[in-house]
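J.: Predicted model follows, preceded by the sequence.
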Amino acid sequence: MKARLYVEEAVGERRRLLLDEDEKPFRLDLERWSEAHDRPRLDEIWWGRIRARSQAGGWFVDLGLDRDGWIEASRSIRLREGERLAVRVKAEAWAGKGPLLVRAEPAASDTRPDRPGRLLPAPEDPFLKGVEIIERCEGQEAGRRIEEAIEEGLEGRHPIPGGGRLAIETFEAMTVVDVDAGGREGRPETLAVSLNLAAAREAARLISLKGLGGLVVVDFLSMRSPPDRRETVTVFREALAARLGRASEVLELSRLGLCEAALARRARPLREALGEDPAEREALDVLRAIEREACERRGARIGARLSPAAAGWLRSDRIGWREALAARIGERWIIEDTPAPEGRWRVWSLT
């Protein structure tokens with residue numbers, strides 16, 4: 001499908017967004033500088049060491065990081081503790097679980113390191129899979145569109161084009177999507193069909209935007225006609241494939257109007273990407289705001305007030321943000337000593 005790519009290269013974090021031809025967001029990617037070298041990304045090749053067998057029947061794989069990966073046991077592939085091997089990242093880490101791995105076969109010319117670590121980047125950018133980029137946008141406009149998309153992705157209730165609403169709730173075992181007419185008007189015999197088709201397309205977009213995976217159950221409005229039921233499932237299946245860039249297992253509607261879909265967990269969910277290390281998240285938001293204020297108020301000194309935890313993260317300067325920000329706007333910011341409550345930071349122009 002065709003899409004517009006929005007990119008914001010801020011100090012401390014790169015954020016990317018894809019908009020469809022209707023100017024609606026459907027994919028988000030956030031990568032902090034602090035994790036660029038130690039987060040196994042989708043389809044990358046890593047050199048690992050079999051550490052121990054898991055109770056689930058697979059093997060834990062030491063990747064040289066704080067968190068082990070996991071590879072499923074196979075009758076065709078025999079593994080043993082201590083063995084070194086190349087693995088491909090099949091699914092990124094999420095919810096406290098390490099990345100899901102599969103065995104890879106690097107070229108004979110590729111170096112076999114002495115210790116675990118990243119071997120090769122992904123052959124193609126998974127974020128852009130199945131997408132034809134028709135325009136690339138950067139700068140403040142890109143930042144604004146990305147923030148709007150993040151806000152939408154964090155919401156739990158969403159309007160359906162033409163009327164009605166979707167409620168999306170994620171639990172540990174599954175994600176539930178409820179379709180509600182919500183005052184949508186139409187003839188009784190066609191209302192459910194038109195609503196369900198619109199809901200199927202919108203649910204697929206939002207599932208992709210939120211980065212959801214695993215078991216998804218959609219509660220569509222009841223329809224008696226078998227062709228209408230099959231059409232709804234087909235539209236949902238095709239919309240998911242277009243938005244996610246891959247096929248998913250989508251079952252036919254049950255007698256109760258429920259549609260079950262199994263979506264391979266590939267990238268981490270948006271909420272998890274934003275929720276890791278709240279102090280770092282707040283500090284990165286402040287750095288982005290400082291840079292934007294400095295661009296709008298050229299020559300002015302910029303003040304910032306943030307929580308003690310976030311201020312401490314900035315003082316450590318583990319990512320080299322101070323030098324990077326000074327290179328962009330000059331050293332013209334002041335971090336106030338008066339702390340702000342966590343998440344209640346403020347940035348303003350002093351002159």
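T.: Noted; the coordinates are in hand.
J.: and residue 330, how many neighbours?
T.: Look at residue 330: counted by other C-beta atoms under 10 Å, it has 12 neighbours. Backbone N, C-alpha and C define where each C-beta goes, glycine included.
J.: ditto for residue 153
T.: By the criterion of other C-beta under 10 Å, residue 153 has 22 neighbours.
J.: Surely it forms part of a helix?
T.: Yes - under DSSP: H, G, I helix; E, B strand; the rest coil, residue 153 sits within a helix.
J.: what about residue 75, distance to residue 57?
T.: Separation of residue 75 from residue 57 (C-beta to C-beta, to the nearest Å): 11 Å.
J.: These two - which one has more neighbours?
T.: Neighbour tally, residue 75 and residue 57, criterion other C-beta under 10 Å: the higher count belongs to residue 57, 8 against 5.
J.: got a list of what the nearest residue to the more buried one once chain neighbours are set aside touches?
T.: Spatial nearest neighbour of residue 57, excluding adjacent residues (C-beta to C-beta, 6 or more residues apart in numbering): residue 73 at 5.0 Å. Contacts for residue 73 (C-beta atoms under 8 Å, 6 or more residues apart in numbering) come out as 53, 57-59, 79.
J.: Residue 153 now?
T.: By C-beta under 8 Å, 6+ apart, residue 153 lies in contact with 25, 28, 206, 209-211, 270-271.
J.: Derive a PyMOL selection command for the buried subset of the residues you listed.
T.: A single PyMOL command selects the buried members of the contacts of residue 153 (16 or more other C-beta atoms under 10 Å):
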select buried, resi 25+28+206+209+210+211+270
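J.: of the contacts of residue 153, closest to residue 261?
T.: residue 206 (13.2 Å; C-beta to C-beta).
J.: rewinding a little: which among the contacts of residue 73 end up buried?
T.: The buried subset of the contacts of residue 73 - by 16+ other C-beta under 10 Å - is 58-59, 79.
J.: tell me which element residue 204 is part of?
T.: helix 188-210 (DSSP states H and E).
J.: Could I have the CA atoms of that helix written out in CSV?
T.: This file holds the C-alpha atoms of helix 188-210, laid out as CSV (Å, rounded to 0.1, in the frame of the first residue of the first chain):
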residue,chain,number,x,y,z
PRO,A,188,-32.0,-1.9,9.9
GLU,A,189,-31.3,-4.5,7.2
THR,A,190,-28.1,-2.8,6.1
LEU,A,191,-26.9,-1.0,9.2
ALA,A,192,-25.1,-3.9,10.8
VAL,A,193,-23.3,-4.8,7.5
SER,A,194,-22.1,-1.2,6.8
LEU,A,195,-21.1,-0.7,10.4
ASN,A,196,-19.2,-4.0,10.5
LEU,A,197,-17.3,-3.4,7.3
ALA,A,198,-16.2,0.1,8.5
ALA,A,199,-15.3,-1.3,11.9
ALA,A,200,-13.2,-4.1,10.3
ARG,A,201,-11.1,-1.6,8.4
GLU,A,202,-10.7,0.8,11.4
ALA,A,203,-10.0,-2.0,13.8
ALA,A,204,-7.2,-3.3,11.6
ARG,A,205,-5.7,0.2,11.3
LEU,A,206,-5.8,0.7,15.1
ILE,A,207,-4.4,-2.7,15.9
SER,A,208,-1.4,-1.9,13.7
LEU,A,209,-1.0,1.6,15.1
LYS,A,210,-1.0,0.3,18.7
